[in-house]
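J.: sequence and predicted model, in that order:
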Amino acid sequence: MERSGIGPWQEYFPNAMIYGGDVQDDTQFEDERIKTFLFDSTSLEECNNALGDLEFKIIIDDGLHTGAAQISTFNNLYKRVVPGGLYVIEDIWQNNIRELIVDKEGVIYSMNEGDIAV
């Protein structure tokens, strides 16, 4: 997540604090309205350690674009979306669409050759 990648969100949401997370050390920075965290969003332990008790009105997952990573990230971060908030997954590739199922509680499952597994 380069500054140029997160900068447009700061412009689009002029009154918001913008948070970002990445696994690369060289993506980390902080200014008046941007704070970045170093963590792997597919790891619940790393999410919890990095984010503490933070909650968000909007989460945009622009991380690793694989079905498995998107499922793990959703399961690790969705509970941090405040009621009425949004969770957006950016770049769901066509071959990943068939892998994803969301139940009525918002839990994502992965389909693998007809089997459903968490």
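T.: Right, received. Where do you want to start?
J.: need the helices for this structure, in chain order.
T.: 3-12, 44-51, 67-77, 94-97 (DSSP state H).
J.: alpha carbons only: can I get the first one in CSV?
T.: As requested, the backbone C-alpha atoms of helix 3-12 are provided in CSV (Å, rounded to 0.1, in the frame of the first residue of the first chain):
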residue,chain,number,x,y,z
ARG,A,3,0.9,6.4,-0.1
SER,A,4,-0.4,7.1,-3.6
GLY,A,5,-2.8,4.1,-3.2
ILE,A,6,-4.3,5.3,0.1
GLY,A,7,-4.2,9.0,-0.7
PRO,A,8,-7.3,9.0,-2.9
TRP,A,9,-9.4,7.7,0.0
GLN,A,10,-8.2,10.6,2.1
GLU,A,11,-9.5,12.9,-0.6
TYR,A,12,-12.8,11.0,-1.2
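J.: per-residue pLDDT, Cys47?
T.: Note for Cys47: predicted pLDDT of 96.
J.: that one contacts Asn76, doesn't it?
T.: Yes: counting by C-beta atoms under 8 Å, Asn76 is a contact partner of Cys47 at 4.6 Å. (Each C-beta comes from the backbone N, C-alpha and C, glycine too.)
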